[in-house]
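**Q** Prediction below, plus the sequence it came from.
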Amino acid sequence: MSDYFDRLTRRKGPPQDDQPPQPEVPATEVDAAASTATDQYTAGNLKTTAQDLLKYGLLEADRKPNLYQVAITQTSAVNRILEPFDLRLKIDDIRGLAFLVVSEQLFQDGDKTDDEWTHPLVRRQRMNLEQSLLIAILRQHFIAHEQEAGLGAGDAVVELEELLPQLQLYLGDTGSDARDQKRLRSLLENLKNHGIVSEIDTNDQVIIRPIITHLANPENLQNLLQHFRRLVGKAADDHANTDGDDA
C-alpha cells in the first residue's frame with residue numbers, strides 16, 4: 001500500500017530537460033561585484049564635510065574640529081566631490097581655516113573676469129561699497145591684532161565704539177548717533193551672515209573671524225580706503241570753497 005509521500009512523488013512527473021541548468025557564479029566574482037558597488041558610495045564624514053563647505057563656504061578648526069580634520073587630511077577626496085561645481089578647497093593651517101575658492105580650471109578656456117563674477121560662490125560673497133569699506137576697516141584691526149598677538153591668534157575683538165568713528169570718517173556723519181549706530185549694526189549683521197564677524201555681544205563687541213584675510217586682495221582694500229579718503233578730502237575742499245564764496 002502506497003503512502004501519501006509515494007503519491008506526491010509520482011505526481012511530480014519526469015524532470016524538465018528543456019531548461020539548461022543555471023551556471024553558478026564563482027564566489028570571487030560575487031565578492032568583486034559587491035566591492036565595486038560599495039566603492040561607489042562616499043564615506044559619511046566626507047559627505048558631511050563637503051556639504052558644510054558648500055553651505056557655509058568655510059570650516060574653522062576651533063568651531064568644527066572634526067570636519068576641519070577631514071578637510072585637511074582628505075583634501076584630494078573633498079576636491080573630487082567639489083570638482084563638478086568648479087570649486088576647490090584651500091587650506092590655511094596657520095589660522096585653522098579650510099575654505100572654498102573658484103577653481104582655476106574654470107578660467108582656462110574662457111574669459112576669466114566674466115566667469116569669475118558669474119560663479120555662484122562669487123555672487124553669494126559679493127559686497128556693496130559700504131560693506132567692502134567695513135571689511136577694509138575690520139581687516140586693519142585683524143592684522144594689527146595678529147601683529148601684536150601672533151599669526152593665527154584668535155579672538156580678534158573690536159568694540160563698536162572703535163568702528164563707528166572710522167565708518168563716519170568715510171561715510172559721513174548722519175547727524176544722529178542712533179542712525180549711525182543702526183547703520184553700523186546693519187552692516188555688521190550682513191557680514192556675520194558671510195562668516196566674517198560674530199554676533200554683537202552684550203558689551204557691544206564683535207569677534208573678527210580669520211576668513212577676513214582671504215576675502216579680498218589687500219591692495220584692493222587699500223585702494224578702496226584711499227578712494228574714500230579722496231572723497232572725504234574733496235568734500236572738505238568743496239565745503240571750504242563754499243564758505244569762502246559766502247564770505
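**A** Arrived safely, thanks for sending. Numbers count the residues shown, from 1 in each chain.
**Q** all contacts plus neighbour counts: C-alpha atoms, from now on.
**A** OK.
**Q** what's in contact with stretch 46-62?
**A** Outside stretch 46-62, the residues that touch it by C-alpha atoms under 8 Å, 6 or more residues apart in numbering are 67-71, 77-78, 81-82, 96-100, 194-195.
**Q** quick one, domains of the protein?
**A** Split into domains by automatic domain parsing, the chain comes to 44-112, 129-241.
**Q** possible to save the ones you listed as TSV with mean pLDDT and mean neighbour count?
**A** Formatted as TSV, the domains of the chain follow (pLDDT from 0 to 100; neighbours: other C-alpha atoms under 10 Å):
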stretch	mean pLDDT	mean neighbour count
domain 44-112	86	16
domain 129-241	83	16
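**Q** before we move on, the earlier item: which members of the contacts of stretch 46-62 occur in strands, if any?
**A** Residues of the contacts of stretch 46-62 located in strands (DSSP state E): Leu97, Ala98, Phe99, Leu100.
**Q** Out of those, flag the one nearest to Leu138.
**A** Minimum distance to Leu138 across those is 18.1 Å, recorded for Leu97 (C-alpha to C-alpha).
**Q** Next, the nearest residue to that closest one once chain neighbours are set aside: phi, psi?
**A** With C-alpha to C-alpha, 6 or more residues apart in numbering as the criterion, Leu97 has its nearest non-adjacent residue at 4.9 Å, and that residue is Glu60. Note on Glu60: backbone dihedrals following degrees, to the nearest 10 are phi -110, psi 140.
**Q** what does Ala156 give?
**A** Taking degrees, to the nearest 10 as the convention, Ala156 sits at phi -80, psi 90.
**Q** got it, and the one 3 residues further on?
**A** When quoted as degrees, to the nearest 10, the phi and psi of Glu159 stand at phi -90, psi 150.
**Q** Thr42 too?
**A** Phi and psi for Thr42, reported as degrees, to the nearest 10, are phi -90, psi 140.
**Q** can you check the one 5 residues further on too?
**A** The phi and psi torsions at Lys47 (degrees, to the nearest 10) take the values phi -60, psi -50.
**Q** what about it, distance to Leu100?
**A** For Lys47, the distance to Leu100 (C-alpha to C-alpha, to the nearest Å) stands at 15 Å.
**Q** now do His145
**A** Distance from His145 to Leu100, by C-alpha to C-alpha: 25 Å.
**Q** in this structure, which spans are strands?
**A** In the chain, the strands defined using DSSP E lie at 58-60, 87-92, 97-102, 156-159, 205-208.
**Q** Can you give me every residue that contacts the nearest residue to Gly195 once chain neighbours are set aside?
**A** Take Gly195 and drop its neighbours on the chain: the residue closest to it by C-alpha to C-alpha, 6+ apart is Arg209, 6.9 Å away. The contact partners of Arg209, taken as C-alpha under 8 Å, 6+ apart, are Ala156, Gly195, Ile196, Val197, Ser198.
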